[in-house]
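# test case, fold it:
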Amino acid sequence: MTIKDYRTSLAALVAAAFLIAAPVARAQVNIGTTDLGGTVTGANGPEAGVWVIAETTDLPTKYAKIVVTDDQGRYVVPDLPTANYQVWVRGYGLIDSPKMRAKPGQQLNLTAVPAPDERSAAHYYPAIYWYAMMKMPPASDFGGSTDIPKEITRETWRQRMGNVDCIGCHQLGQESTRTIPAQFGEFKTGAEAWMRRVGSGHTGEFMINRLAGQLGGVPFKYFGDWTDRIAKGELPKAKPQRPQGVERNVVVTSWEWGTEKTFTHDLISSDRRYPTVNAYGPLFGSAEYSSDDIAILDPKTHKVSAFTMTVFPNTPESFGPPFHASAMPKPTMASAYWGEEKIWTQRGNNHNGMFDKQGRVWFAAAVRGNDNPAFCKQGSEHPSAKAFPLNQSGRQATMLDPKTMKYTMIDTCFGTHHPQFGYDKDNTLWFSGTGPVAGWINTTLFDETGDGAKAQGWAPFVLDTSGNGKLDEWTEPGKPAEAGKDMRLGGSGPYAVMPHPTDGSVWYATNIFAGPAGFLRFDPKTKLSEFYAVPKDVIGLRGGDIDKDGVLWGSGSNGTLVSFDRRKCKGPLNGPAATGNHCPEGFAQYKYPGPSFEGFENGTAEASYYTWVDQHNTVGLGENVPISTGNLNDGFVALKDGQMVVLRIPYPLSFFAKGLDGRIDDPNAGWKGRGLWSTNGDRTPWLKEGGKGSKPRVVHIQVRPDPLAH
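I've put the predicted structure just below:
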């Protein structure tokens, strides 16, 4: 069939859908003056569990609101700002319906359009359904018998194809990644096309080194085979189901922010301990490698602005070794979208923010180059430096007061990544990304003195292998254990940080990139640590969080949500045998939704980046609910009463988050006064639906009592 023939038949199909649905009697849906409501019907009657999308460009930034139909095909899009909207239907088994013009207060019945074939239907599937088609090397290819390096195990390969390497920054499986850009030209093989693709842009050198160097170039063969098969017409074996149950109660609101050339790694809306802080206030974004601008969205006025961070004089751009090797100052090879243009420029490298209870935002951001000041190093009188001197840190700390827009820089000796406040009287701010040490800032002391050096501290991670409950002389990482000595831990260090709500300890998800992955506990009083390695079949770990009961939750590399409960441990928690594998009974796993890779059926192909626990019912699913980023599921996945609930953002396709945050704007306003906040976190917003020119989007997810609540 030619393209013209296809369009003709598709137009006929759309027309037929309208004719078939026309005689169906549709009862009016109860709505208010700021709502849209109606019924969605198809050839066979009401369409249950499909999305109705209302979008406008009449506001200061592009705005959309998305709801799901009930079991009778009815919908209500609540609380729309005054504007003209384009409204359409999207759903599994369908193609998008024609866009209808509407305004709040209007009844609008819509007609769903069935997909003419399986390929048209699959266009709307979440990325995981396409990515699960990727083949994995057989077990016989590992161990040094092929081009796969001998030290690379099958589990390491699975981890790299999951939530550690490519999918740490991109959603693989969406349309832009399951096809090859025409701008790259013609290639003899799919493998050659992938070699060219990954060399593009500011991170090209890093991507090539990971795939061609560490994995022996073999991934190019498998990526190429995957996209070749798709180009020839192969389709996903599994199909997604439409939203069910409470998933139909979800309301998604989105706003564009940032720019089309930059990405927003994360945002923050409130203090995780006190989620009413900054009620109805602005959101603050972190642009990491791409910009020194902190994107700011006022969700009340729909206005987007930016604050430009400052650094100390003579601070270089924070690109490439010895700073951050995953992004270089200039593109390695020309991008299919931006050519050889240098689209990223920054010195502040703002990774993440966190509100304090005073309404100020603290950031993990660079203020200088890598070399530490003298107070951090050998010979300093600083108590932490005397115990464990530090020579370099790649990122430090800053604080922005939204009331005055004063920006304060704090020079830390340890690196920073994800900040979280503790529950102590000193309002201690703990960081991950600190390398071999636990690092913290006593923010109460900093407020009193303004002395960043005096307010900070750090200590190495040391296991109490002597078993005496005291910090003793230790052996260094990789060295044999010695009787009577403790053991200092090595590896890539802490990735997520999780202060315990009640006992004063601080937990981390650790060794994400090197060393045995697991959960690490640090006791600020004794300066001793405990380490619990994840079970072998979990393979690895990414971001994690802690619930009110002290249970740890993390995104497993095998496509499962992993939990660890220290209270279930039966053996000693310290001593010579307590080095990581001494509490398997503390772990549990819960499969994420979606298909699995062939040969890895114990998990799924989901590559979740981060897990966060809603301790305060900010979303509407209840207290203490762990919620993971569903990076290949176009949204988030919550574990509610033992069941997975998908909070999907169906438009634009390819939603990919690196973090999430909850806020209660009004505890007396029911579902309307609370919600989950996040943003597109992938490094390439031009790869999502809409293509070049698309910007990152803030999303607000709310769960109402039923699909028609308004």
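# C-alpha only now, for contacts and for neighbours.
OK.
# could you chop this protein up by domain?
3-124, 128-231, 469-603 (automatic domain parsing).
# mind putting those in JSON lines, distance to residue 410 and mean neighbour count included?
Formatted as JSON lines, the domains of the chain follow (distance: least, CA to CA, whole Å; neighbours: other CA atoms under 10 Å):
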{"stretch": "domain 3-124", "distance to residue 410": "34", "mean neighbour count": "19"}
{"stretch": "domain 128-231", "distance to residue 410": "28", "mean neighbour count": "19"}
{"stretch": "domain 469-603", "distance to residue 410": "19", "mean neighbour count": "20"}
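# to residue 279, which of the ones you listed lies closest?
Evaluated over the domains of the chain, closeness to residue 279 peaks at domain 3-124, with 17.8 Å, by CA to CA.
# show me where the chain has helices.
3-21, 118-122, 127-131, 154-159, 190-198, 204-208, 218-231, 383-387, 443-449, 452-455 (DSSP state H).
# and those helices: which comes nearest residue 104?
Shortest separation from residue 104 across the helices of the chain is recorded for helix 3-21, at 23.5 Å, computed as CA to CA.
# average pLDDT across the closest one?
In this model, helix 3-21 has a mean pLDDT of 41.
# also stretch 453-461?
For stretch 453-461, the per-residue pLDDT values average out at 98.
# comparing the domains of the chain by mean pLDDT, which bottoms out?
domain 3-124 (a mean of 87).
# quick revisit: TSV for the domains of the chain, including distance to residue 621?
Formatted as TSV, the domains of the chain follow (distance: least, CA to CA, whole Å):
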stretch	distance to residue 621
domain 3-124	17
domain 128-231	24
domain 469-603	14
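# strands along the stretch 501-650 of the chain, start to end?
For the stretch 501-650 of the chain, the strands defined by DSSP state E, counting those that start in this stretch cover 506-510, 518-523, 528-533, 541-546, 552-556, 560-564, 587-591, 611-614, 625-630, 635-640, 643-648.
# any chance of those strands in a markdown table, with distance to residue 333 too?
Supplementary listing: the strands of the stretch 501-650 of the chain in a markdown table, determined by distance: least, CA to CA, whole Å:
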| stretch | distance to residue 333 |
| --- | --- |
| strand 506-510 | 33 |
| strand 518-523 | 37 |
| strand 528-533 | 39 |
| strand 541-546 | 29 |
| strand 552-556 | 33 |
| strand 560-564 | 36 |
| strand 587-591 | 39 |
| strand 611-614 | 34 |
| strand 625-630 | 30 |
| strand 635-640 | 31 |
| strand 643-648 | 34 |
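# and residue 46, which of those strands is closest to it?
With distances scored as CA to CA, the stretch of the strands of the stretch 501-650 of the chain nearest to residue 46 is strand 643-648 (21.4 Å).
# name the strands paired with the closest one and say parallel or antiparallel.
If you go by DSSP bridges, strand 643-648 pairs up with strand 635-640 (antiparallel).
# how big is the angle separating the strand it pairs with from strand 625-630?
Following axes from the mean of the first three to the mean of the last three CA atoms, to 10 degrees, one obtains 150 degrees for the angle between strand 635-640 and strand 625-630.
# buried stuff in strand 635-640?
Residues of strand 635-640 classed as buried by neighbour count (16 or more other CA atoms under 10 Å): 635-639.
# with distance to residue 659 and pLDDT added, can I get those in CSV?
Written out in CSV, the entries for the buried residues of strand 635-640 read as follows (distance: CA to CA, whole Å; pLDDT from 0 to 100):
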residue, distance to residue 659, pLDDT
635, 11, 98
636, 10, 98
637, 12, 98
638, 14, 98
639, 16, 98
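# show me where the stretch 1-150 of the chain has strands.
Along the stretch 1-150 of the chain, the segments classed as strands by DSSP E, counting those that start in this stretch run 36-42, 45-46, 51-56, 63-68, 74-77, 85-90, 94-95, 100-102, 106-107, 110-111, 113-114.
# let me have those strands in JSON lines, extended by distance to residue 427.
JSON lines is the format used below for the strands of the stretch 1-150 of the chain (distance: least, CA to CA, whole Å):
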{"stretch": "strand 36-42", "distance to residue 427": "45"}
{"stretch": "strand 45-46", "distance to residue 427": "54"}
{"stretch": "strand 51-56", "distance to residue 427": "41"}
{"stretch": "strand 63-68", "distance to residue 427": "37"}
{"stretch": "strand 74-77", "distance to residue 427": "41"}
{"stretch": "strand 85-90", "distance to residue 427": "45"}
{"stretch": "strand 94-95", "distance to residue 427": "51"}
{"stretch": "strand 100-102", "distance to residue 427": "49"}
{"stretch": "strand 106-107", "distance to residue 427": "49"}
{"stretch": "strand 110-111", "distance to residue 427": "52"}
{"stretch": "strand 113-114", "distance to residue 427": "55"}
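# residue 177 is nearest to which of the ones you listed?
Once the strands of the stretch 1-150 of the chain are compared by CA to CA, strand 94-95 is nearest, at 20.7 Å.
# how about residues contacting that closest one?
In this structure, residues lying in contact with strand 94-95 by CA atoms under 8 Å, 6 or more residues apart in numbering are 112-115, 120-121, 124.
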